[in-house]
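Novice: Dropping a prediction and its sequence here:
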Amino acid sequence: MKSFTNLIIFLFLSSTATAQVFTVDTISKTGPLEKRINLVYLADGYTAGEQAKFINDVISINDKLFNTVPIKEYKNYFNVFAIRVISIESGVKHPITASDCPSAATHPQSNPNNYFGTTFDAGNIHRLVVPSSYANINSVLATNFPLYDHAFIVANTSFYGGSGGTVATSTTNTNAAEIMIHEIGHSFARLADEYWAGPQYALEKPNMTAQSSPALVKWKNWTGAPGIGVHQHTGGTGWYKPTTGGTCKMEALGAVFCSVCKETFVERIHELSSPLDSYSPSNATTFNVYSTVGFKLNLLQPVPNTLKVRWLVNTEEKALNTDTFTLLQGSLVNGNYTLLASVADTTQLSRADNHLTIHTTNISWQVSMITGVQEPDVFRASLKIFPNPFSESLMLQYKLERRSAVSVQLISMNGTSTHLIQEKNQPAGSYSIPFTLNKYQLAEGVYTIVFKINGATIAKELIKLQ
């Protein structure tokens, strides 16, 4: 999924900088650009004669990145590229303006003419290394790789430093890979430091909050798991984090990401990508009434594979955890059928309440014994139904990406159907609809709520209390 809004902004901003074409190397490619998360490394402080070193530095960092949980589990979701940006002079700027700078003998002052103006001493912190020319970054990306999803700068100096702003930055220090992976936690997964970086960095983040109650904290589903609790930041009264003692990479280099941070990465990966790579038939097709027609999904499998696949014909499950399904037309009576393939990632790395609701991808084919298979409809489930169990009321929330025909039914175990929404066309947008159910006099028991969008179906089990 590409960020075209960002691309338009970058194209506009790049008009103020000279567009320059550089060589783009493919570090790894698993699929089409439009169906992958495209990571792009940018060189800064590498001269024309140092570009081979840049590629070697990228490979070293990238190999360690994709050997890090949970990124290594989703390596099939990523393409990786490197842009050989050429600087006039080698190295990174060091103005010696930060109050914690080492002596000039240890780290000399320098002001090389590097392409992105990457410099130490940002924000009066010596190790905080940031680019100073975002116009150049925007121009290089817009000109050389506009379909990027995330960019990193590799700064050519052996001194320790990095940052995790909009574009993560790392030097080539011996800890370069660890620095970059930590900074990617900021820039890609939008995580906070789990050490106290100062009140200016105290914000609500997936792993930082002002809430102290274990029952209400945003990582409540992980509280009590090994190493996870609600710990006050040292020096940051009123702010809390899930780990302590340097056990998470967002606090200390060399550690692993904690469970809360792993979940955040997984949710971000699913936000940018889909496990459904392609499918067939992809167009309308006819068939002989006595023949068979095969349906197939090409999936991006995590490693190990945690995808759950369900095949349903008219809401009845017919097959599970297979990427192919065969429909024998002669076995069906004359009529119309809906075949739905539903793909969800059941990874144990995420306990997010809405993970399966938001990150389930569905593809639906309308099958007619007379006209054949219609062109399929692909959509992501974006449906919340609560409370569950319920008593006398339900709240239905959903989002439509385009104008759609919507209907909602509540079906009891004996097949009795209650229409909550008769089929109607609704424009794109977000909907929150309450239902008072006492008028239906529903008995205690198990029900199935069936949500249909343009004929495709999502079915969820609900429990009715007395």
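Specialist: On my side now, so go ahead. Numbering: from 1, shown residues only.
Novice: distance between stretch 387-405 and the chain's centre?
Specialist: Taking CA atoms, centre = their mean, to the nearest Å, one finds the center of stretch 387-405 at 24 Å from the center of the full chain.
Novice: mean confidence score for it?
Specialist: Averaged over stretch 387-405, pLDDT sits at 80.
Novice: Could you list the alpha-carbon positions for it in CSV?
Specialist: Output in CSV follows, covering the C-alpha atoms of stretch 387-405 (Å, rounded to 0.1, in the frame of the first residue of the first chain):
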residue,chain,number,x,y,z
PRO,A,387,-20.6,-6.1,23.4
ASN,A,388,-20.1,-9.8,23.1
PRO,A,389,-21.7,-11.5,25.0
PHE,A,390,-24.7,-9.1,24.6
SER,A,391,-28.0,-8.7,26.4
GLU,A,392,-30.5,-6.3,24.8
SER,A,393,-28.3,-4.1,22.6
LEU,A,394,-25.5,-4.3,20.0
MET,A,395,-23.3,-1.7,18.5
LEU,A,396,-22.1,-2.2,14.9
GLN,A,397,-19.2,-0.2,13.6
TYR,A,398,-17.8,-0.6,10.1
LYS,A,399,-16.0,1.4,7.3
LEU,A,400,-16.7,1.3,3.6
GLU,A,401,-14.0,2.1,1.1
ARG,A,402,-16.5,2.8,-1.6
ARG,A,403,-20.3,3.0,-2.1
SER,A,404,-21.5,-0.5,-1.3
ALA,A,405,-24.7,-2.6,-0.9
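Novice: outside of that stretch, which residues touch it?
Specialist: Stretch 387-405 is contacted from outside by 379, 382-386, 406, 408, 420, 423-438, 449, 451-455, 462-466, using CB atoms under 8 Å, 6 or more residues apart in numbering. C-betas here are computed from N, CA, C, even on glycine.
Novice: Just the buried residues of these.
Specialist: Using 16 or more other CB atoms under 10 Å as the burial test, the contacts of stretch 387-405 include 379, 382-385, 406, 408, 420, 435, 437, 449, 451-453, 455, 462, 464 as buried.
Novice: Now do stretch 35-54: distance from first to last residue.
Specialist: The straight-line separation of the ends of stretch 35-54 (CA to CA, to the nearest Å) is 27 Å.
Novice: from the chain's centre, how far out does it sit?
Specialist: With CA atoms, centre = their mean, you get 23 Å for stretch 35-54.
Novice: if you look at the buried ones among the contacts of stretch 387-405, which of them are in helices?
Specialist: Judged by DSSP state H, helices contain none of the buried ones among the contacts of stretch 387-405.
Novice: What pairs with the host helix or strand of Ala151, parallel or antiparallel?
Specialist: Per DSSP states H and E, Ala151 falls inside strand 150-155. Its sheet considered, strand 150-155 pairs with strand 37-44 (parallel), strand 168-171 (parallel) by DSSP bridges.
Novice: Would you tell me what the next helix or strand after that strand is?
Specialist: Using DSSP H and E, the helix or strand that follows strand 150-155 in sequence is strand 162-164.
Novice: what's that following strand packed up against?
Specialist: Here strand 162-164 touches strand 168-171, helix 176-187, going by 3 or more CB pairs under 8 Å, 6 or more residues apart in numbering; DSSP states H and E.
Novice: Pull the residues that contact it.
Specialist: Contacts of strand 162-164 from elsewhere in the structure, counted by CB under 8 Å, 6+ apart, are 122, 127-130, 155, 168-171, 179-180, 182-187.
Novice: can you rerun that using 10 Å?
Specialist: Residues from elsewhere that reach strand 162-164 (CB atoms under 10 Å, 6 or more residues apart in numbering): 118, 122-123, 125, 127-131, 152-155, 168-171, 173, 175-176, 178-180, 182-193, 250.
Novice: Let me know the pLDDT of the residue nearest to Tyr447 when sequence neighbours are not counted.
Specialist: Closest residue to Tyr447 apart from its sequence neighbours, by CB to CB, 6 or more residues apart in numbering: Leu462 at 4.8 Å. Leu462 carries a pLDDT score of 80 in this model.
Novice: same question, Thr16
Specialist: Note on Thr16: pLDDT of 41.
Novice: Then Phe325?
Specialist: The score at Phe325 is 94. That number is its pLDDT.
Novice: about what we covered before: tell me which of the helices and strands packed on strand 162-164 sits most buried.
Specialist: For these, the largest average neighbour count (mean count of other CB atoms under 10 Å) is found in strand 168-171, namely a mean of 27.
Novice: pLDDT averaged over that strand - what is it?
Specialist: On average, the pLDDT along strand 168-171 is 96.
Novice: Can I get that strand as CSV, trimmed to CA atoms?
Specialist: This file holds the C-alpha atoms of strand 168-171, laid out as CSV (Å, rounded to 0.1, in the frame of the first residue of the first chain):
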residue,chain,number,x,y,z
ALA,A,168,15.7,6.9,10.4
THR,A,169,19.4,7.6,10.5
SER,A,170,22.4,5.6,11.6
THR,A,171,26.2,6.0,11.4
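Novice: Run the chain-centre distance for it.
Specialist: Centroid separation for strand 168-171 versus its chain: 21 Å, with CA atoms, centre = their mean.
Novice: again, but for stretch 34-51
Specialist: Distance, stretch centre to chain centre, for stretch 34-51: 22 Å (CA atoms, centre = their mean).
Novice: Report the residue spans of the stretch 251-400 of the chain with pLDDT below the cut-off.
Specialist: Within the stretch 251-400 of the chain, the ranges that satisfy pLDDT under 70 run 287-291, 329-334, 379-382.
Novice: All set, thanks.
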